[in-house]
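[1] here's my sequence, what's the structure:
(2 chains)
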Amino acid sequence: NAGVTQTPKFRVLKTGQSMTLLCAQDMNHEYMYWYRQDPGMGLRLIHYSVGEGTTAKGEVPDGYNVSRLKKQNFLLGLESAAPSQTSVYFCASSRAAFYEQYFGPGTRLTVT
Amino acid sequence: AQKVTQAQTEISVVEKEDVTLDCVYETRDTTYYLFWYKQPPSGELVFLIRRNSFDEQNEISGRYSWNFQKSTSSFNFTITASQVVDSAVYFCARPYYGGSQGNLIFGKGTKLSVKP
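    Got it, this is the predicted structure:
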């Protein structure tokens, strides 16, 4: 039982490049979330999903896209990376809204 | 407003001391959950506890205890006989009840350093 896993753990991109972060959970959770964590800003919600095939915007969605084609996977895409997207990205899952969320180990992304 | 405030930015203690981390939350809801998370230096976020607003009994788990007081909107976390492994950033959190997504609103965190 791995819980929530994230791939990759580290990545360096040049401005304008694209990439996809993969999140997988094996707890059969319906809800999945992508957050970013920045110094002094805490954790902020980028996008979320309330079930397979659904996605919705969170607090800071600009510059990101997501997909949830399978219940266990939640992908976060950056189409054209910008230095402002340098951050640590966390994926989380929850069995239902308003319950505790279980987090992946995070992806540290640097955009130069 | 649904803010979570952790007024203590950093706390430093010596091993075996007791330490309390404060959390004050805002809510207009009659029922709600509250959470504590731990983020050790390795970076992952570890879920510690969920508290239901119905239940104001204190919770104890080993050296950890939580004091929930609805009257003061506080949900404080105490570590008894602290250890070096307790060094981490601790976050208090609550769900956002303004929509259906249930994402968490985190406090800014309290960095705890336990020195040997």
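
[2] closest residue of chain B to chain A?
    Here chain B gets closest to chain A at one residue, B:Gly102, 2.9 Å apart by CB to the nearest CB. Bear in mind the C-beta positions are built from the backbone N, C-alpha and C, glycine included.

[3] list the contacts for B:Ser12?
    Contact partners of B:Ser12, counting by CB atoms under 8 Å, 6 or more residues apart in numbering or on different chains, are B:Leu112, B:Ser113, B:Val114, B:Lys115.

[4] by average pLDDT, which secondary structure element in chain B comes out worst?
    strand B:59-61 (a mean of 86; mean pLDDT, DSSP states H and E).

[5] contacting residues around that one?
    Here strand B:59-61 makes contact (CB under 8 Å, 6+ apart) with B:Ile49, B:Arg51, B:Ser65, B:Trp66, B:Phe68.

[6] buried set for the host helix or strand of the fourth one?
    Here B:Trp66, judged by DSSP states H and E, is contained in strand B:64-69. Using 16 or more other CB atoms under 10 Å in any protein chain shown as the test for burial, strand B:64-69 gives B:Tyr64, B:Ser65, B:Trp66, B:Asn67, B:Phe68.

[7] need the contacts of strand B:59-61 in a markdown table with pLDDT and distance to chain A, can you?
    A markdown table is the format used below for the contacts of strand B:59-61 (pLDDT from 0 to 100; distance: CB to the nearest CB, whole Å):
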| residue | pLDDT | distance to chain A |
| --- | --- | --- |
| B:Ile49 | 93 | 8 |
| B:Arg51 | 90 | 10 |
| B:Ser65 | 93 | 18 |
| B:Trp66 | 93 | 14 |
| B:Phe68 | 91 | 15 |
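
[8] now the helix or strand harbouring A:Ile46: how far from the chain's centre is it?
    Per DSSP H and E: A:Ile46 is located in strand A:42-49. Relative to its chain's centre, strand A:42-49 lies at 7 Å (CA atoms, centre = their mean, to the nearest Å).

[9] using CSV, write out every CA atom in that strand.
    C-alpha atoms of strand A:42-49 as CSV (Å, rounded to 0.1, in the frame of the first residue of the first chain):
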residue,chain,number,x,y,z
GLY,A,42,1.8,28.4,2.6
LEU,A,43,-0.1,25.8,0.5
ARG,A,44,-2.3,26.9,-2.3
LEU,A,45,-4.8,24.9,-4.3
ILE,A,46,-4.1,24.7,-8.0
HIS,A,47,-6.8,22.3,-9.3
TYR,A,48,-8.8,19.5,-7.9
SER,A,49,-11.0,16.6,-9.0
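
[10] how about the residues of chain A by chain B?
    A:31, A:33, A:35, A:40, A:42-43, A:45, A:48, A:50, A:56, A:58, A:88, A:90, A:92, A:94, A:96-106, A:108 (CB under 8 Å from any CB of the partner chain).
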